[in-house]
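Asker: one predicted model, sequence on top.
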Amino acid sequence: MTNLLAIEESFLSKSEVKQALDLTNVRSLQRHLQNGQKKKFEQTLALSGIVAKGYQWFKSEGKAMLAEQGLEWTAKDFASKVYGWNKSYLFKVVKAGETEAEKIETFKTKCDEMEREGKEPNRTLEGLLKWLSTATTEGGEGEGEGGEGEETQVEERQKAIITFAWKRPDGTNVACRVMSDGTLKTTNNADELTDGINALINHLRNNLGDNARQDDPMQDYEDRLEFVMDAEEDEDESL
Amino acid sequence: MQNATTGITYLKTGDRHRGIVNDYHRKPYPREMQKTMFNVDIAGLKMADRRNVHLVGAEFVSKFTIGMEVEKNRLSRGAVKEYELFCGFERDSSCGYEAVTNILPLLPAGMWRNKVFDMMFKASRIIEDQYSPSNDRCGGHISIGVRGMTGDTIMGVIRPFCGILYAIFHKRLNTHYCEHNPRMLHRNDADFYNYPTHSKYNVAQPKTECLEFRLPSRFQSVKQMMRRYELMYEITNFAFNTPRGSHKMLLKKVKPILMSMYDGDEAKVNERIKMAEDFREYILKGTITDLIRPYVRDRYRR
């Protein structure tokens, strides 16, 4: 849905394309994905089934149809221009959409069990894919020959206890999250993170002096520095 | 907005003269659009196609360029305004009006070409016959440029591979405006004066920096314009990068384009392919088969 040329908008508005990609439902489900973790996950699953079919169509008839219109799209373009996602997120959604229903039901059952035990399962797309890959690596569920088998566990959803985001003067981002289990999540290197923390410290030093507004020292820096204390962000959504 | 992520964005200039109908030969100069500063525009190209993009200073420059002339009897009401695609409009005594494209990069499929085709799409009200009608008096000249080469040189390299153009537009071979020098010969060629010559009305007219194909028929739709653009890329790329490649290989490459041009009519496409082979022999050796006899001159006899 991003950076669409006029000719691409026209392509996506064709009835046969809208039908093949089930765009009406896609858009509706994308809207519904804003709230509700459990409901969100169900809608993510529904969306993933549609997207998986849409991606298969893109790889076969869709490419031919694009070529007829004079367009060439890579998978990255398809993800960005149809759904507003990056490529890796598209592939995650497609993988979920191609997963057998039985496995998904097993995952959901395990999430329900954890909730009954007072835990918070990672009932997200990422959680599902992690569970699937672990289950595959460990040879799946059930008992091994001659002994007790171990069921693959659903990851418990971690909460971020610290979230930091900084928009640098050149427009690029530095961001990291420290999770409740101590894991650090970031795509930046140590130097970039250090620069970010130093920028924060310098701003605090400069603005927590006599001339600073004591009631809201961060007010002046909203445009360049985000400091988010509440880290309950949806990990399913791509940055 | 253009940046390293979105790549080049083709914009209008705001020049008033590009949005009005000028007198004959009074339209503004074509803009050079065959350059981009952004790697993202060429990032998806296959290695074999990347050789057709040169890094010149801080810019990526397309080795091949194309320009097209859209001749119409009438221009759709309210449609005469500046378009990113066209350098301008002018009156043309032979047909009515002419819209001439800027100098466009001639590219393989990819992000950059999507943007060129987007410009064509946005100019639908001029190109589509349903809005701006045309008739047989209108032509669709296509000019091909190759970086660093004159029109004469281009003609010498590309002519062995023009049989397919002759096949597609064979009905225009006897038209006054493009019937001369039918074998695309250079004036130094021994056979040059054995065929009718003209200073302008030739099948293909060499110019200082490009070769103007006068043979193509009028543009009637955006889809047609895109298909011709794709065809010219394949012919030009083959001629300049695979000159020893077999003609059959070229015809195989362009067959999908022809199938789209002829709405999937494989019989018609195969007929054109056969004609292309015969036209190639005509261009190179002057050989005339029964298939192409109605359309070509055997020296000064018909």
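Answerer: Yep, that arrived.
Asker: can you give me the strands for chain A?
Answerer: For chain A, the strands defined by DSSP state E occupy A:160-167, A:173-179, A:184-186, A:225-226.
Asker: now do the first one and strand A:173-179, the angle between them.
Answerer: Here strand A:160-167 points in a direction 180 degrees away from that of strand A:173-179 (axes from the mean of the first three to the mean of the last three CA atoms, to 10 degrees).
Asker: alpha carbons of strand A:160-167, in CSV - could you do that?
Answerer: The C-alpha coordinates for strand A:160-167 follow below in CSV (Å, rounded to 0.1, in the frame of the first residue of the first chain):
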residue,chain,number,x,y,z
ALA,A,160,9.4,-5.0,27.4
ILE,A,161,10.6,-3.3,30.5
ILE,A,162,12.6,-0.6,28.6
THR,A,163,11.9,0.7,25.1
PHE,A,164,14.1,3.3,23.5
ALA,A,165,13.7,5.0,20.1
TRP,A,166,15.7,7.9,18.6
LYS,A,167,15.3,9.5,15.2
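Asker: show me what counts as buried in that strand.
Answerer: Residues of strand A:160-167 classed as buried: A:160, A:163, A:164, A:166 (neighbour count, 16 or more other CB atoms under 10 Å in any protein chain shown). Using the backbone N, CA and C atoms, a C-beta is placed for each residue, glycine as well.
Asker: do that strand and chain B come into contact?
Answerer: No: contact of strand A:160-167 with chain B (CB under 8 Å from any CB of the partner chain) is absent, the minimum separation being 15.3 Å.
Asker: can you list the strands that that strand pairs with?
Answerer: Taking DSSP bridges as the criterion, strand A:160-167 forms sheet pairs with strand A:173-179 (antiparallel), strand A:225-226 (antiparallel).
Asker: including distance to residue B:103 and mean neighbour count, could the ones you listed go into JSON lines?
Answerer: Below are the strands paired with strand A:160-167 laid out as JSON lines (distance: least, CB to CB, whole Å; neighbours: other CB atoms under 10 Å in any protein chain shown):
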{"stretch": "strand A:173-179", "distance to residue B:103": "38", "mean neighbour count": "18"}
{"stretch": "strand A:225-226", "distance to residue B:103": "45", "mean neighbour count": "16"}
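Asker: go through those strands and name the closest to residue B:57.
Answerer: strand A:173-179 (30.4 Å; CB to CB).
Asker: that closest one - what's its average pLDDT?
Answerer: Averaged across strand A:173-179, the pLDDT comes to 88.
Asker: what about the helices in the chain?
Answerer: Let's take chain A. All helices of chain A, identified by DSSP state H, fall at A:6-12, A:15-21, A:23-32, A:37-57, A:63-68, A:75-78, A:87-97, A:101-116, A:125-137, A:190-207.
Asker: meant chain B actually
Answerer: Using DSSP H, helices in chain B cover B:47-50, B:111-122, B:124-127, B:151-158, B:163-168, B:222-241, B:247-261, B:266-285.
Asker: next, count neighbours for residue 118.
Answerer: Reading this off chain A. Close neighbours of residue A:118, defined as other CB atoms under 10 Å in any protein chain shown, add up to 6.
Asker: actually it's chain B I care about, not the one you picked
Answerer: Using other CB under 10 Å, residue B:118 has 23 neighbouring residues.
Asker: ok, now which ones touch it?
Answerer: A:5, A:6, A:7, A:8, B:10 (CB atoms under 8 Å, 6 or more residues apart in numbering or on different chains).
Asker: can you rerun that using 10 Å?
Answerer: Residue B:118 sits next to A:4-10, A:70-71, B:9-10, B:84-85 when contact means CB atoms under 10 Å, 6 or more residues apart in numbering or on different chains.
Asker: so what pLDDT did it get?
Answerer: 97.
Asker: who does the closest residue in space to residue B:40 that isn't next to it in sequence bridge with?
Answerer: Ranked by CB to CB, 6 or more residues apart in numbering or on different chains and with sequence neighbours excluded, the top spatial neighbour of residue B:40 is residue B:7, at 4.5 Å. Assessed by DSSP bridges, residue B:7 has beta-bridge partners residue B:3.
Asker: residue B:7: neighbour count?
Answerer: Counted with other CB under 10 Å, residue B:7 comes out at 20.
Asker: residue B:144 against residue B:34, yeah?
Answerer: No: Residue B:144 is beyond contact range of residue B:34, at 12.0 Å (criterion: CB atoms under 10 Å).
Asker: shared neighbours, those two?
Answerer: B:64, B:65, B:66, B:106.
Asker: for the second one, give me its contacts.
Answerer: Read that as residue B:65. Per CB under 10 Å, 6+ apart, neighbours of residue B:65: B:30, B:32-34, B:102-107, B:143-147, B:209-210, B:236.
Asker: the nearest residue to it once chain neighbours are set aside: neighbour count?
Answerer: Counting by CB to CB, 6+ apart, residue B:65 lies nearest to residue B:145, which is 3.9 Å off, once chain neighbours are set aside. By other CB under 10 Å, the residues close to residue B:145 number 24.
Asker: picking that back up, so which of the strands paired with strand A:160-167 gets nearest residue B:257?
Answerer: Closest among these, using CB to CB: strand A:173-179, at 43.1 Å.
Asker: which parts of stretch A:121-141 are buried?
Answerer: A:121, A:122, A:123, A:124, A:125, A:127, A:128, A:129, A:131, A:132, A:135.
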